[in-house]
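# any chance you could fold what I've pasted below:
(2 chains, ligands or ions: 2)
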Amino acid sequence: MEFFERFAVPNPNPAIYASMVAIVVVSLAIIFGLTYFKKWGYLWREWLTTVDHKKIGMMYLISAILMLFRGGVDALMLRAQLAVPDNKLLDPQHYNEVFSTHGIIMIIFMAMPFIFAFMNLVVPLQIGARDVAFPRLNAISFWLFAAGAMLFNISFVIGGSPDAGWTSYFPLAGTEFSESVGTNYYMIAIQISGIGSLMTGINMITTILKMRAPGMTLMKMPMFTWASFMACVIIIFAFPVLTIALLMGTTDRLFATNFFTSTNGGMDMLWANFFWVWGHPEVYILILPAFGIYSEVISTFSGRNLYGYKSMVGSMVIISLLSFLVWTHHFFTMGQGALTNSIFSISTMAIAVPTGVKIFNWLLTMWKGKIRFTVPMLYSIGFIPLFTVGGVTGVMLAMSAADYQYHNTMFLVAHFHNTIIPGVVFAMLAGLTYYWPKMFGFMLNERIGKWGFWFLSIGFVLAFFPMYITGLNGQARRMYTYSEATGFGTLNFVAFIGAGLMAISFCIIVFNIIYSFKNSPRNVGEDPWNARTLEWATHNPVPEYNFARTPHVASSEAFWDAKKRGHELFKGEIEEIHMPNNSGVPFIMGVIFFIAGFSFVFALWVPAVVALIGIFACMVLRSFEKDDGRHISVEEIKATESTYGGAHS
Amino acid sequence: MKIDHTQPLEYSTQQNQLNILGFWIFLGAEIMLFATLFTAYFIMENRTGNGPTGPEIFEISPVLFETFILLTSSFTIGLAVHAMRIGHKKAMLAFLGITLALGVAFLSAEINEFIHYYHVGATYQTSGFTAALLTTLGTHGAHVTLGFFWGLCILIQVAKDGINPRTANKSFIFSLYWHFLDVVWIFIFSFIYLKGMM
Ligand code: HEM
Ligand SMILES: [Cu+2]
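Ligands and ions are numbered 1, 2, ... in the order given. Below you'll find the predicted structure:
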């Protein structure tokens, strides 16, 4: 009996029991459905074992949308709890768990897979490549992410959720104050998906450096590819720091080491430093690809070249460097002295300069352009003023003396949501709509899409702008309730309504997907948006080999110049194409990693060791395997091409 | 696979070139990993709580032995790659074997060292300092252990299939890894042991 008690939830309540039932029912329904419609084989062959970058991208995308809803439900619970003073909807412990999981899910398991989805879907096409450099490794990255996400998501029904915030500061996150296994989940789930992210970084950098189409010099790369490249460079430098911090946190919790304790020489600030040496650059890992998407969308729908290509690239390089030099602005108030605070104050503010350059470039791109107000363009236009507000309040926070007023108040919460929602979430929705025909061969409905946009934007403003005011008035972050006398009630109720509108907007977006799936015409052709870059030079949806013939590139907007200036993209005959084989090993490794992670969370050493041996066995197997892939013959390519209307045969 | 005979074998296919570049980038991440460990160690160096300090537990002779062995193994893996370049399979296997044997010798010395620490009361749980020390050494040691098994797989493949673009590529990448571990050890030797004993 005692053995099973470890898996019980420490603070159960009806909502958790209801979720348990829901999880079991949904799982059974999925298993039943797959069996009934005889789809197991299809699932295995086409998805679980795939090494195709486009399919992996789509799987990231689906995961990200699911996690958006999971994190969104958490957000609604938080806002509902704060909607009126002295509310008793959630108890304090439950509130702690909800804001902790909300933050982690949104950053690690929603935003990260969303950007990886677009890197996978777009980068190889934009550079005219057959695939990424290491297709098999790419699949492993995805399944590690999936294993981490699953592990994190079961925490609230098996053993308890993390409750020390998404930053998991010690000693609060130590065993003394955080007794349940929740923080073990945090350490291990993020570790597993973090390894996957690092592998993606390596993969994408190699791909971009080595697999560009002939003629595409570095300074002719499309902007999204540049942005992904810089984000991956940040990943290479930032993620190992997180790996070590999590390792130390894990041993502190599982083996009673003294890295972050307050006795025996431990040092809690070491965690805070390591966390933010990773954490601040992480924000730029998310925002740079988002900027890349805006650049593509804005130039396409303004009908103009991106203004200031070189300064766009330069500003990204500068932002990447600076992102590593600002981390201690997260603890201005923790007693580090005036000189340190001043230095980090200034370095933080400096980031506003290259960011401003980018904003002006986008504005100037639109200036003389003929703007088409499509859904992706609306998101991009909405992004500019909203993100600027977030940037300005960021500079306010960067003034270390003033930060004593803002620190850990709702002002901060308003600021970072103000950058991350118009910055990252809007970009992802813009990218989703823009690249939808690329993935599936039909368009999303524009009218419904616009409804989604307006609900989201208005909901966003209502949800977060009131927090600036309550924050300045002293409403603390991470407080589960406040008294009537504070007068925060009205504004918090407005924020609750805003959050509700945002929830509706996400439902509209999903409705749009279903509606368009049923009603939109298929075969929209190659170039439904009249676009500019290479990914639009192949069919929609993309055939598995991407391009029947390797494109030859002479400018950064190769496809546009092919259309308008008669550049010739495709020369020569069709030749056979080399493709990697599918493999089940990455999926199996993901499963074993999940088992290993789960065993570590509960300190079940026997299964943990068995699982680790399994992981090494997979690696040895891979080492001895001889798999040179296969070739798609010229006839097959020609046959496929003719089903698309034979444009390139 | 198109094989380009103007290149050394390990670079002779496109995938081979990708593998090598990818591995260099991976080593970049590894540098960050160890840099973080060293940072933690330097911060924790004097945070010994009630436990022993570095000078009290470090012993020069086993460390010199470990250093000597690891440096030698870096030399022998270089010889293995050289033998591979001139197509001398037997010599290559021999040097690879010696390298791995030296790796085992290093590991057993290190395990002995850990047992010694345990006996003088410097366990993983003793203090911030011992935790940082053993994590840094342990991470390096775990890398060597992994390297041993990896090298073993490659050795078997070279023995079975001879020197071809695939095995040459793997061996070359393995040699990069092994040299890297050596470089890390030199940092450990200088900045943990020598500095700690002075
Ligand atoms: C969809 C609308 C959203 C709403 C209504 C919302 C609301 C909230 C609220 C009320 C809090 C906690 C305040 C407290 O500490 O008591 C919070 C925290 C947080 N949110 Fe959101 N959020 C939303 C979306 C997002 C997104 C998209 C992200 C990131 C991509 C995000 C990242 C975070 C983070 C990192 C925290 C801090 C958690 C912590 O304190 O440990 N949120 N959010
Ligand atoms: Cu920051």
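
# so which helix or strand takes in the residue nearest to residue A:115 when sequence neighbours are not counted?
The spatially closest residue to residue A:115, leaving aside those adjacent along the chain, is residue A:289, at 4.5 Å (Cβ to Cβ, 6 or more residues apart in numbering or on different chains). In short, each C-beta sits where N, CA and C put it, glycine included. For residue A:289, the host element (DSSP states H and E) is helix A:268-302.

# can you give me how far the helix or strand following that helix is from the chain middle?
Next helix or strand after helix A:268-302 toward the C-terminus (DSSP H and E): helix A:309-323. Helix A:309-323 has its average C-alpha position 21 Å from the chain's average C-alpha position, going by Cα atoms, centre = their mean, to the nearest Å.

# what about the following helix or strand past helix A:309-323, near chain B?
Per DSSP H and E, the first helix or strand lying C-terminal to helix A:309-323 is helix A:338-350. No - judged by Cβ under 8 Å from any Cβ of the partner chain, helix A:338-350 makes no contact with chain B; its nearest approach is 15.4 Å.

# now stretch A:260-273
Yes - judged by Cβ under 8 Å from any Cβ, stretch A:260-273 and chain B are in contact via A:261, A:263, A:264, A:265, A:266, A:267, A:270.

# likewise for stretch A:171-178?
No - judged by Cβ under 8 Å from any Cβ, stretch A:171-178 stays clear of chain B, getting no closer than 12.7 Å.

# ok, whatever residue of chain B ends up closest to ligand 1 to residue B:194 distance?
Residue nearest to ligand 1 within chain B: residue B:36 (22.7 Å; Cβ to the nearest ligand atom). In this view, residue B:36 and residue B:194 are 21 Å apart by Cβ to Cβ, to the nearest Å.

# what's in contact with stretch B:3-15?
Residues outside stretch B:3-15 that contact it (Cβ atoms under 8 Å, 6 or more residues apart in numbering or on different chains) are B:1-2, B:16-17, B:20, B:84-85, B:163-165, B:168-169, B:171-173.

# what does stretch A:171-182 give?
Identification of contacts with stretch A:171-182 by Cβ under 8 Å, 6+ apart yields A:6, A:10, A:97, A:100, A:155, A:159-165, A:183, A:186, A:249, A:252-253, A:256, A:260-262, A:268, A:271, A:601-602.

# one more: stretch A:332-339?
A:269, A:272, A:328, A:341, A:344, A:345, A:400, A:403, A:404, A:407.

# on that earlier part again, next, the angle helix A:338-350 makes with the helix holding residue A:289.
20 degrees (axes from the mean of the first three to the mean of the last three Cα atoms, to 10 degrees).

# how many residues are close by residue B:173?
For residue B:173, the count of nearby residues is 21 (other Cβ atoms under 10 Å in any protein chain shown).

# what number of residues lie near the closest residue to it other than its chain neighbours?
Of all residues not flanking residue B:173 in the chain, residue B:23 sits nearest, at 4.9 Å (Cβ to Cβ, 6+ apart). Neighbours of residue B:23 under the rule other Cβ under 10 Å: 20.

# now residue B:23: which helix or strand?
Per DSSP H and E: helix B:14-44 holds residue B:23.

# and the helix or strand that that helix is followed by, what's its mean pLDDT?
Moving toward the C-terminus from helix B:14-44, the next helix or strand (DSSP H and E) is helix B:54-57. Taken as a whole, helix B:54-57 has an average pLDDT of 90.

# who are the packing partners of the next helix or strand after helix B:54-57?
As assigned by DSSP H and E, the chain's next helix or strand after helix B:54-57 is helix B:60-85. Applying 3 or more Cβ pairs under 8 Å, 6 or more residues apart in numbering or on different chains; DSSP states H and E, one finds that helix B:60-85 contacts helix B:89-119, helix B:165-187.

# re earlier: can you lay out the contacts of stretch A:332-339 as TSV showing pLDDT, neighbour count and distance to residue A:414?
Compiled in TSV, the contacts of stretch A:332-339 are given as follows (pLDDT from 0 to 100; neighbours: other Cβ atoms under 10 Å in any protein chain shown; distance: Cβ to Cβ, whole Å):
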residue	pLDDT	neighbour count	distance to residue A:414
A:269	93	16	27
A:272	95	22	22
A:328	92	23	22
A:341	92	20	22
A:344	93	21	22
A:345	93	23	20
A:400	90	22	19
A:403	89	21	14
A:404	89	10	18
A:407	89	18	14
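
# just say which of the helices and strands packed on helix B:60-85 is most tucked in.
Burial of the helices and strands packed on helix B:60-85 is given as mean neighbour count (mean count of other Cβ atoms under 10 Å in any protein chain shown); helix B:165-187 ranks first at a mean of 20.

# now the very next helix or strand once past that helix: buried residues?
With elements assigned by DSSP H and E, the helix or strand that comes after helix B:165-187 is helix B:195-197. For helix B:195-197, the neighbour count (16 or more other Cβ atoms under 10 Å in any protein chain shown) marks residue B:196 as buried.

# same question, stretch A:35-52
Using 16+ other Cβ under 10 Å as the burial criterion, the residues of stretch A:35-52 that qualify are A:47, A:48, A:49, A:50, A:51, A:52.

# show me what that stretch is in contact with.
A:33-34, A:55-56, A:59, A:131, A:135-136, A:138-139, A:544, A:580-584, A:586-587.

# end to end, how far does that stretch reach?
25 Å (Cα to Cα, to the nearest Å).

# and stretch A:528-541, by the same measure?
Distance between the two ends of stretch A:528-541: 12 Å, counting by Cα to Cα.

# go on, stretch A:625-638?
Terminal residues of stretch A:625-638 lie 32 Å apart, using Cα to Cα.

# equivalent analysis for stretch A:348-356, please.
14 Å.

# buried set for it?
Within stretch A:348-356, the residues that count as buried by 16+ other Cβ under 10 Å are A:348, A:349, A:350, A:351, A:352, A:354, A:355.

# want to throw those residues into a markdown table with pLDDT?
Shown next, in a markdown table, are these (pLDDT from 0 to 100):
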| residue | pLDDT |
| --- | --- |
| A:348 | 93 |
| A:349 | 94 |
| A:350 | 94 |
| A:351 | 93 |
| A:352 | 93 |
| A:354 | 95 |
| A:355 | 94 |
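
# the residues you listed: which two are farthest apart?
Greatest spacing in the buried residues of stretch A:348-356, by Cβ to Cβ: A:348 and A:354 (12.7 Å).

# count the neighbours of residue A:310 for me.
8.

# make that residue B:78, sorry
Residue B:78 has 15 nearby residues by other Cβ under 10 Å.

# select the helix or strand of chain B having the lowest average pLDDT value.
Ranking every helix and strand in chain B by mean pLDDT, DSSP states H and E puts helix B:195-197 at the bottom, with a mean of 86.
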